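1. need coordinates for the following:
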Amino acid sequence: MAKTKYDFIRELLEDKKINQNQRERILELASREISLEGSLEERVQKIEEIINNNFPESKDLKIELPRKTEDSDLPKYIDPYHLYKFLFEYNQNPVLRSTCHDIDSDELNKINDYCDSDSYDFKKHLQKIVENFNEHEKKFLAPHQVKALIRGYLTGKNYKGNQLKEGWSSASIKINWSSDKLIKWITKNPNIPPNLNENIAGDREIELLVIEPPINSPITYDSIQSFTQLVLHFKNLFHLKSGNQSLRAILDRVNSFEKWNEKVDFEITNQDFPNNLEHFTDVDKLIQAYNKLLQLIIEQHQGDKKPIVKLRFYEEKQRVYLSVHHLNGQYNKTVQNCIDRPHGRDYKNLIKFQINGLCNLYLNAEFGNKEYATINLWDGRKPKAQKIDKFTGVEHMLEFPKIKDS
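-> Residues are numbered from 1 along each chain as shown. Next up is the predicted model:
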């Protein structure tokens, strides 16, 4: 009799020869196969339930979790490459990409083709969308918060199938591809996609689904008034591109809205911060991390003058970097103190709530006493100091890999 995937998982977990790192990797792969969500502890519990329910002889199977350490409240490291790959492939999928673009005539023909329909059929389209997303999240790893957000956007439900009460985004947006309000609009407007291009809708005198009250976008600060605009907002949550959605334009808006310009003197040049560099990432989390770093700079700055912060955004060797460089700052610890306690109060919450799964984090700094070093604060490896030539200030480097380390 052929072995099932549960047989295989059980045998691996019961093997006494595997170490804890290998065991956690098995859990990661198992969660990918069985579509598990949540923390390591939650995934462990779910796999134990699956094994014990399918294999009564394994009732006593328990998976030992890592012991508590000084940094036990830090999360398990998530490689940010997975986020990029998950979002990039989502955008490449011919079915899923229709949920993050407005629909013109060419795109409508493509939808009708893969739905095997002569005219647009929303029910068939939505069925294809959900089926493709279910396969997509099994195939590609990503932080569970991102998967949950997209699932909520498409279905209005969590991974357990329960209806979301607070909406699917940080802006508490409740309307989604499966909401009753959208279904009612489709009933009145058969054969029309809900995210029809606004120009086409105007030419055909089609009234798009109106969102009342309007929602303010946390990315562009524009008002979202229709379902088509909501779909474009969803795209903006994960795609940095040229123009109004470039990171340069986004951070300019953030600096103005958060009044950072009143507290910080910024140095930004077109050469160091191009307006056309594209990347797939969690833009909302990136903005949060940026705000946290600026707050940290302001709190630690010494002197009568305002902190001077140079921003750079560039790509090297399939890795995108955002540099937040406090030019007239000095790190308030020695190199050894930073190595001994790299995740102190200043960084712990930043790593836990913004950085992990979004990007890697490195520190280049002048530590005083003519000590200059680079320290890997968060990249899946034990923090180490690498001496560098004379360096001015304190630079936080956010690294977004587009390839997986070998």
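2. and residue 274, what pLDDT?
-> Per-residue confidence (pLDDT) for residue 274: 92.
3. check which helix or strand it maps to.
-> Using DSSP states H and E, residue 274 is not contained in any helix or strand.
4. can you give me the helices in the chain?
-> 5-14, 20-34, 40-54, 81-92, 105-114, 122-139, 144-155, 180-188, 198-203, 227-236, 247-257, 283-300, 335-340, 345-350 (DSSP state H).
5. TSV for these, including distance to residue 375 and mean neighbour count?
-> The way it works is simple: take the backbone N, C-alpha and C, and place the C-beta from them, glycine included. Output for those, formatted as TSV (distance: least, C-beta to C-beta, whole Å; neighbours: other C-beta atoms under 10 Å):
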stretch	distance to residue 375	mean neighbour count
helix 5-14	36	16
helix 20-34	23	16
helix 40-54	26	16
helix 81-92	21	19
helix 105-114	47	14
helix 122-139	34	17
helix 144-155	27	21
helix 180-188	49	14
helix 198-203	49	14
helix 227-236	33	22
helix 247-257	25	17
helix 283-300	15	19
helix 335-340	6	15
helix 345-350	11	15
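6. for these, which one sits closest to residue 368?
-> helix 335-340 (9.3 Å; C-beta to C-beta).
7. and that closest one, what other elements does it pack with?
-> Secondary-structure packing of helix 335-340 (3 or more C-beta pairs under 8 Å, 6 or more residues apart in numbering; DSSP states H and E): strand 360-368, strand 371-378, strand 385-387.
8. hang on, the earlier thing: identify whichever of the helices of the chain lies nearest to residue 363.
-> Distance to residue 363, taken as C-beta to C-beta, is lowest for helix 335-340 among the helices of the chain, at 7.5 Å.
9. quick one: the closest one to chain centroid distance?
-> The chain centre lies 30 Å from the centre of helix 335-340; the measure is C-alpha atoms, centre = their mean, to the nearest Å.
10. ok, now stretch 358-371?
-> 24 Å.
11. what residues does it touch?
-> Applying C-beta atoms under 8 Å, 6 or more residues apart in numbering, the contact partners of stretch 358-371 are 80, 83, 143, 281-282, 285-286, 289, 322, 330-331, 333-335, 338, 347, 350-351, 355, 372-380, 388, 391-401.
12. may I see the buried residues of that stretch?
-> For stretch 358-371, burial by neighbour count (16 or more other C-beta atoms under 10 Å) applies to 358, 359, 360, 361, 362, 363, 364, 365, 366, 367, 371.
13. quick check, pLDDT for the fifth one.
-> Spelled out, that is residue 362. On the pLDDT scale, residue 362 is placed at 97.
14. from residue 163, how far out is it?
-> Going from residue 362 to residue 163 by C-beta to C-beta, to the nearest Å gives 42 Å.
15. equivalent analysis for the fourth one, please.
-> When C-beta to C-beta is the yardstick, residue 361 and residue 163 sit 36 Å from each other.
16. which among the helices of the chain is found nearest to residue 169?
-> helix 144-155 (6.2 Å).
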